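Engineer: just need the structure, nothing else, for what follows:
(4 chains)
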There are 2 protein chains.
Amino acid sequence: MKAPAAVAALAALAHEHRLAAYRMLVEAGPGGLPAGEIAARLKLPPSSLTFHLQALQRAQLISQQRMSRQLIYAADFGTMSGLVGYLTENCCAGSESADCGSKRTTAAVERPITTRKTRRSA
Amino acid sequence: MKAPAAVAALAALAHEHRLAAYRMLVEAGPGGLPAGEIAARLKLPPSSLTFHLQALQRAQLISQQRMSRQLIYAADFGTMSGLVGYLTENCCAGSESADCGSKRTTAAVERPITTRKTRRSA
DNA sequence: TCATCATTTCGACAATTCTCGAAATATAGA
DNA sequence: TCTATATTTCGAGAATTGTCGAAATGATGA
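Structural biologist: Presented below is the predicted three-dimensional model:
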């Protein structure tokens, strides 16, 4: 995943209702859920839900499939995997600095600004 | 990290300039970078940059520290760690469905949350 | 104190996002 | 075909976000 796709995925998830919908679909698994069921659980009017599902779909975070009268939405785990990969590889520092993925129970990585000056800018 | 904080962090990162600024600060490491340096590299007018840095700061993704005349910004790795943790735990399916964190090429965070081995330095 | 540098705050505007009722579309069964 | 169900599309208004020049603030050295 590259930066523009990452921005798209981040933006799609950066909303209360969309994150809730996505999590619901993750929990539902590959079988997914019909739009009406998601709307009911989220207590959203159908047209509002469609708006948010379309945002998730544009970012390729979910997919759609018709099943008789219903439209079933399911999480696309590959995209989320790509996003998590992007964040760990590009936003969590590499080998030299703090590594944010390894032991995140508590604040493992504070800010040792005191240790050394490391003034190499000029 | 809980849902509202995750939404805040996702929204803060969901913008081309802010993601670029954040990545730059990750690469810079704990020493951080002065605002002017970030603005110059991103080719952004100073007031626009401030707007974006404030968004990142509100989400606790970066911190600010004055150093003489300059304001130094540095990535807060703990928050990113929390975000990655939130996504892997809440948005990547649990034990039953597809697990999106497992087979990335390199990555550091490969810690399956399904089992709690408590294996310390095996 | 004054001049200068680094950065933020202010203000105004453009652009985008969010919300949701009403109308339209697609499917199924009688 | 007619009716009912499931969901989307349309349209309009409210709210939020993004942009950036100009003015203000804070720090430094002369």
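
Engineer: which residue ranges of chain A form helices?
Structural biologist: With helices called from DSSP state H, chain A shows them at A:3-13, A:16-28, A:35-42, A:46-58, A:77-90.

Engineer: which other helices and strands contact the last one?
Structural biologist: Yep, that's helix A:77-90 we're talking about. With contacts taken as 3 or more CB pairs under 8 Å, 6 or more residues apart in numbering or on different chains; DSSP states H and E, helix A:77-90 sits against helix A:3-13, helix B:77-90. Where C-beta positions appear, they are placed from N, C-alpha and C, glycine not excepted.

Engineer: could those helices be laid out in a markdown table, adding mean pLDDT, mean neighbour count and distance to DNA strand C?
Structural biologist: Output for the helices and strands packed on helix A:77-90, formatted as a markdown table (pLDDT from 0 to 100; neighbours: other CB atoms under 10 Å in any protein chain shown; distance: least, CB to the nearest atom of the strand, whole Å):
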| stretch | mean pLDDT | mean neighbour count | distance to DNA strand C |
| --- | --- | --- | --- |
| helix A:3-13 | 98 | 20 | 7 |
| helix B:77-90 | 96 | 22 | 18 |
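
Engineer: mind putting these into TSV with distance to residue B:13?
Structural biologist: Formatted as TSV, the helices and strands packed on helix A:77-90 follow (distance: least, CB to CB, whole Å):
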stretch	distance to residue B:13
helix A:3-13	5
helix B:77-90	8
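
Engineer: with distance to DNA strand D as added columns, please give the ones you listed in TSV.
Structural biologist: Rendered in TSV, the data for the helices and strands packed on helix A:77-90 read as follows (distance: least, CB to the nearest atom of the strand, whole Å):
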stretch	distance to DNA strand D
helix A:3-13	8
helix B:77-90	17
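
Engineer: tell me which of these sits nearest to residue B:34.
Structural biologist: helix B:77-90 (19.3 Å; CB to CB).

Engineer: number of residues surrounding the residue in chain A that DNA strand C sits nearest to?
Structural biologist: Closest approach between chain A and DNA strand C, counting by CB to the nearest atom of the strand: residue A:47, at 3.0 Å. By other CB atoms under 10 Å in any protein chain shown, 8 other residues sit near residue A:47.

Engineer: which phi and psi does residue A:76 have?
Structural biologist: With angles defined as degrees, to the nearest 10, residue A:76 sits at phi -100, psi 100.

Engineer: you'd agree it is up against residue A:61?
Structural biologist: Yes. Residue A:76 is in contact with residue A:61 according to CB atoms under 8 Å; the separation is 5.7 Å.

Engineer: in terms of neighbours, single out the busier of the two.
Structural biologist: residue A:61 (26 against 20).

Engineer: got a list of what the nearest residue to the more buried one once chain neighbours are set aside touches?
Structural biologist: Sequence neighbours aside, residue A:79 is the residue nearest to residue A:61 in space, at 5.1 Å (criterion: CB to CB, 6 or more residues apart in numbering or on different chains). Neighbouring residues of residue A:79 by CB atoms under 8 Å, 6 or more residues apart in numbering or on different chains: A:1, A:9, A:59-61.

Engineer: quick one: residue A:79 from residue B:51, how far?
Structural biologist: For residue A:79, the distance to residue B:51 equals 29 Å [CB to CB, to the nearest Å].

Engineer: now for residue A:13: which residues touch it?
Structural biologist: Contacts of residue A:13 by CB under 8 Å, 6+ apart are A:19, A:22, A:56, A:59, A:61, B:7, B:10, B:14, B:91.

Engineer: pretty sure residue A:35 sits against residue A:54.
Structural biologist: No. Applying CB under 8 Å, one finds residue A:35 not in contact with residue A:54, separated by 10.9 Å.

Engineer: between those two, which has more neighbouring residues?
Structural biologist: A count of neighbours by other CB under 10 Å puts residue A:35 above the other of residue A:35 and residue A:54, at 17 against 13.
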